[in-house]
Every structure is written in C-alpha cells, then in structure tokens.
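Enquirer: Just the structure for this:
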Amino acid sequence: MFRKILVPLDGSEESERALEPARELARAFQAELRLVTVEEMPEEPVSGEWELTLGGFIERKRQETQENLNRLAETWRGESYSITTAVLPLGSPVTRIRAEARECKADLIVLFSHGRSGLSRVLLGSVAERLTRNAPCPVMIIHHQDWG
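Expert: Numbers count the residues shown, from 1 in each chain. Below is the predicted model:
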C-alpha cells in the first residue's frame, strides 16, 4: 500500500515525534522513509561567524541541517526499510513539502502537529492543516497529545 513515506521535520524535538509512527508504517509495508527539512534563513551569526558571507552562512546552516537529518536516519538504518534524507530549498514549507511529495512520488506524508491554536495559529498558519488540504497524497497528522 505505501511504498514511500515522506516525513517533514522542522528541526524541533517535537516534530521528531512523527518518526516513530512513520517508522512503524515503513516497517509494516517495507516502505522507504524520506526525512526532509525545509531550509530556513539562519538566525543572526554567533561569535566567530561574522566573517562568513551570507552565502557561506546559508551553506553552513544547510550542512548543519543535513547532518541532523543524517544523524536521525543513522539511528534506524539496517531495519527492513530504507531511509533517505534531503534538505529542501528555502521557501514556503507547505509549497516545498508538497513539491517534494510530488517529485519523490510519496504515498503518504506523516508529520507532527505542534497543536497551536488561537492567535498563534492565525498568525503562523498551520503547515499540517494546509498540507492536508493541498497534498498530492494522504497526510497523517500526529497530534501533540497523542505521541510522546
């Protein structure tokens, strides 16, 4: 049923809570897990980074993000499924994740909902909610109170 499961992560420990249910599905269906993070603009430089150009600063952030994804993938390598990783280009998370799902032919997107409500949800929007409406495949949302 599922051959490729896309798991978008935002770098937070909370978003990693989607990994366990995604992993269980990948094991059950012998599907490929694809862990992705949408590149973000780096925050202001820390001491010693001022000499970097903006391009160098962005490249360093991209490398750190890729290393984090690789670390997560290494934790579960050798299971009955394969794991790939990718840092998606800077842009709207919904747009980038949706495009990646199409490109990699994902059968399912599994992501964690931070459970924002009220004003923060209105101002920040909900990536999970917008993906549910616009994704090219089914979306499984792990709610903040369900796992972990």
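
Enquirer: Quick check: which ranges of the chain have low pLDDT?
Expert: Scanning the chain with the threshold set as pLDDT under 70 gives 41-54, 114-125, 144-148.

Enquirer: I'd like to know which elements the strand or helix carrying residue 109 is packed against.
Expert: When secondary structure is defined using DSSP states H and E, the element that contains residue 109 is strand 108-112. Packing partners of strand 108-112 (3 or more C-beta pairs under 8 Å, 6 or more residues apart in numbering; DSSP states H and E): strand 4-8, helix 19-29, helix 127-134, strand 139-142. Just so you know, the C-beta spots here come from the backbone N, C-alpha and C atoms, and that holds for glycine as well.

Enquirer: what does it rub up against?
Expert: Strand 108-112 has contacts (C-beta atoms under 8 Å, 6 or more residues apart in numbering) with 2, 4-8, 14-18, 21-22, 25, 97, 101, 127-128, 131, 135, 137-142, 144, 147.

Enquirer: and of the helices and strands packed on strand 108-112, who's closest to residue 84?
Expert: strand 4-8 (9.0 Å; C-beta to C-beta).

Enquirer: What are the buried residues along the closest one?
Expert: By neighbour count on 16 or more other C-beta atoms under 10 Å, the buried set for strand 4-8 is 4-8.

Enquirer: what are the ranges of the helices in this structure?
Expert: Shown for the chain, the helices assigned by DSSP state H span residues 19-29, 54-76, 93-104, 118-124, 127-134.

Enquirer: How many residues are close by the residue nearest to residue 21 when sequence neighbours are not counted?
Expert: Using C-beta to C-beta, 6 or more residues apart in numbering and skipping the chain neighbours, the partner closest in space to residue 21 is residue 142 (5.7 Å). Other residues within reach of residue 142 by the criterion other C-beta atoms under 10 Å amount to 21.

Enquirer: With residue 105 instead?
Expert: 11.

Enquirer: So in terms of bridging, what pairs with the nearest residue to it once chain neighbours are set aside?
Expert: Closest residue in space to residue 105, ignoring its immediate chain neighbours: residue 4 at 6.1 Å, by C-beta to C-beta, 6+ apart. Under the criterion DSSP bridges, residue 4 forms beta bridges with residue 32.

Enquirer: Thank you, goodbye.
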